[in-house]
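Asks: Need the 3D shape of this:
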Amino acid sequence: MDLSKAKICIPTSSGGHLTHMLLLEPVWSRAKDRFWVTFDKDDANTRLAGERVYHCHYPTNRNLPNLIRNTVLAFDLVRRERPDLVISSGAAVAVPFFAMGKLFGSKLVYIEVFDRIDRPTLTGRLVCRFCDAFVVQWEEQLEVYPGSVDLGSIF
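Replies: Just a heads-up that it's a prediction; the model follows:
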């Protein structure tokens, strides 16, 4: 995929997950058309100044009402924006965007977090089945996620 011609959706929690995705700037910055989906929090708003950002509902972890709200948001945004690629390292906000991305034909790339080595995260377990690429950062994670790709640490 030629990223310079691709539209990218980057759904991410704020904090560490946002930091993960910002470290991948050499990848996502090649896309002239991109948008972020994250929490309306000071850290995210400050760090994403100048980027196109949609705000999602939080808290997300194990919060069924916000999962439903974010699924409706994901359906609306993915249908309207039609991203070629959805890329994320989580957390829960990524799940509805990956599901809707799959429904609308986007390529899906998930990057498992750096600090989970020997067991899967809930988000990883939910999205690994339908990702086009599932990236891990530790060789040990290859056993946790069969079929994943170890690209090493992004730190």
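Asks: And Gly101, how far from Asp33?
Replies: For Gly101, the distance to Asp33 (CB to CB, to the nearest Å) stands at 15 Å. Where C-beta positions appear, they are placed from N, C-alpha and C, glycine not excepted.
Asks: nope, Gly16 is what I meant
Replies: On the measure of CB to CB, Gly16 and Asp33 end up 26 Å apart.
Asks: what about the helices in this protein?
Replies: In the chain, the helices defined using DSSP state H lie at 16-23, 25-28, 42-47, 64-81, 94-103, 122-127, 141-144.
Asks: Tabulate the CA atom coordinates of the second one in CSV.
Replies: Right, the one you point to is helix 25-28. Output of helix 25-28 as CSV, limited to C-alpha atoms (Å, rounded to 0.1, in the frame of the first residue of the first chain):
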residue,chain,number,x,y,z
GLU,A,25,5.3,9.0,13.1
PRO,A,26,7.7,7.9,10.4
VAL,A,27,4.9,5.5,9.2
TRP,A,28,1.7,7.5,9.6
